[in-house]
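*Asks:* The sequence isn't on hand, but the structure is:
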C-alpha cells in the first residue's frame, strides 16, 4: 500500500482524500432526503415538494464543509492549501446565499397556501399574493447582491478595487449612479406597490388603452396579459407615476352599458321589460342592476342605454354582447318599423323613409292617391 501511495502523485492523493468523504456525504444525504421525502409524501404532496426543493443548497453546504474539513489532511503545498481554502470559502458563502433565497421561496409558498386565487371572491387572496410576490422578488434581489458582495469581499484585490471605485467622486461615480437609477426607482416602486397595492395579481386593468389582467409582478417589470393573449410589459414605476384603470380595485363586480339607436316610434316600456327578461334568463347577470334609459335624442333616432351588472370583467363583456344581440333581434322581430330611419319631406307634403319597408309603404300610399283621383274624375 505504501508503495502504491509513493507512486501516485501527492496532489492526486490529496484530491482523493478530499473527494471521497465528500462523495460519501453526498450519497448519504441524498439517501436521507429521499427517505424523508417518501415519508412526507404519505402526509402531503406539497411537503414532499418542499423537501425536494431544499435538497440542492443544503447538499452544497454539507459537501463544502466536508471538503474544508478534509483539506488539512490532504497536505497540499501551503500556497495551494490557501487557494483551495479560499475557493471553498467563496463556495460556502454562495451556498449560504442560495439556501437563504430557497428558504425565502419555501416560506412564501407555505404562506400563500392559505389563500386561493381561483375562488369567486378572491380579493383578499390576490392582495396577499401580490404583497408576497413583490416582497419576495425584492428580497431575493437584495440577498443575491449581499451574497455576491460578501463573496467578492473575500478577495483582497477585488475588495480594494471596489472600495476605491465607490470612494471616487469622479466620472465613474456619476456613470454608476445614472446606471443604477432605473434599478433603484423600480425597487422603490415595487415596495410602494406592495404596501399601497394599487394593483394586485389577476387584477383587471386598462393600461395604455389595452385591457387585460395582471399576470406577473417581478422586481423590475409587470406582465399584463391582454384579452387576446398578447403580453404587455410595463415597468414597475409606471403604476406609481402614471394613471391607469383598475377594474377590480375594491371588488370584482362591475357595471357595463349597451347603447342602441332606434326610431322615435320604438315602445320604450316594452323594450325595458324585454331587457329584464334577457338578464334574468342569463347566468352571467349577478342580479344587481338592469335598467334601460333614453340618453340622447338625435335628429333621426333616439339613443338607448342598457345598464347591466356582472360578477367580473369577463362575465360583463359576455353579458353586454348577449344583451346587445338579443335586443337587436327583438326589435327586428317585433318592431321592424322602429329601426333607425332617415325621413325626407317632398314638396307634395308626403313623408317617407329611405328604408325598404318605408319605401314600399310610400309607394302604396301614392298608388292609393292616384286611384282616388281617377275615381273623382
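*Replies:* That came through, no problem. Quantities reported herein were computed from a predicted structural model and do not represent experimental measurements.

*Asks:* Neighbours of residue 342, how many?
*Replies:* By the measure other Cβ atoms under 10 Å, the count of residues near residue 342 is 11. For every residue, glycine as well, the C-beta is placed using N, CA and C.

*Asks:* I'd like the distance between it and residue 301.
*Replies:* Distance of residue 342 to residue 301, computed by Cβ to Cβ, to the nearest Å: 9 Å.

*Asks:* And for residue 200?
*Replies:* Relative to residue 301, residue 200 is positioned 42 Å away (Cβ to Cβ).

*Asks:* who has more neighbours, the two?
*Replies:* In terms of neighbours (other Cβ under 10 Å), residue 200 is the more surrounded of residue 200 and residue 301; the figures are 26 against 19.

*Asks:* ok, the more buried one touching residue 127?
*Replies:* Yes - with contacts counted by Cβ atoms under 8 Å, residue 200 reaches residue 127, the gap being 5.6 Å.

*Asks:* got the residue ranges for the helices in the stretch 101-250 of the chain?
*Replies:* With DSSP state H, counting those that start in this stretch applied, the stretch 101-250 of the chain shows helices at 123-152, 156-167, 171-196, 238-241, listed in chain order.

*Asks:* What pLDDT does the model give residue 21?
*Replies:* At residue 21, the predicted lDDT confidence score is 82.

*Asks:* Give me the buried positions along the helix or strand hosting it.
*Replies:* Residue 21 is part of helix 10-43 when elements are defined by DSSP states H and E. Of the residues in helix 10-43, those scored as buried under the neighbour-count criterion (16 or more other Cβ atoms under 10 Å) are 13, 14, 17, 18, 21, 22, 25, 29, 33, 37, 40.

*Asks:* residues in contact with residue 92?
*Replies:* The neighbours of residue 92, taking Cβ atoms under 8 Å, 6 or more residues apart in numbering as the test, are 61, 64, 65, 68.

*Asks:* oh sorry, the question was meant for residue 95
*Replies:* Applying Cβ under 8 Å, 6+ apart as the definition, the contact partners of residue 95 turn out to be 57, 60, 61, 64.

*Asks:* Closest to residue 227 out of these?
*Replies:* Residue 227 has its nearest neighbour among the contacts of residue 95 in residue 57, at 40.6 Å by Cβ to Cβ.

*Asks:* That closest one belongs to a strand?
*Replies:* No - with DSSP: H, G, I helix; E, B strand; the rest coil as the criterion, residue 57 is located in helix rather than a strand.

*Asks:* Lowest mean pLDDT among the helices and strands of the chain, which one is it?
*Replies:* When the helices and strands of the chain are compared on mean pLDDT, DSSP states H and E, strand 351-353 comes out lowest with a mean of 48.

*Asks:* now the strands for the stretch 201-350 of the chain?
*Replies:* Counting by DSSP state E, counting those that start in this stretch, the stretch 201-350 of the chain has these strands, from start to end: 204-207, 210-217, 221-226, 231-235, 245-246, 254-262, 285-297, 302-310, 343-345.

*Asks:* Out of the ones you listed, flag the one nearest residue 115.
*Replies:* Using Cβ to Cβ and comparing the strands of the stretch 201-350 of the chain, the one that lies nearest residue 115 is strand 210-217, at 15.6 Å.

*Asks:* List the buried residues in the closest one.
*Replies:* 211, 212, 213, 214, 217.

*Asks:* so what's the second one up against?
*Replies:* Taking Cβ under 8 Å, 6+ apart as the definition of contact, the neighbours of residue 212 are 204, 205, 224, 225, 226, 227, 230, 232.

*Asks:* what comes up buried for the helix or strand containing residue 86?
*Replies:* For residue 86, the host element (DSSP H and E) is helix 78-112. Going by neighbour count (16+ other Cβ under 10 Å), the buried part of helix 78-112 is 84, 88, 91-102, 108, 112.
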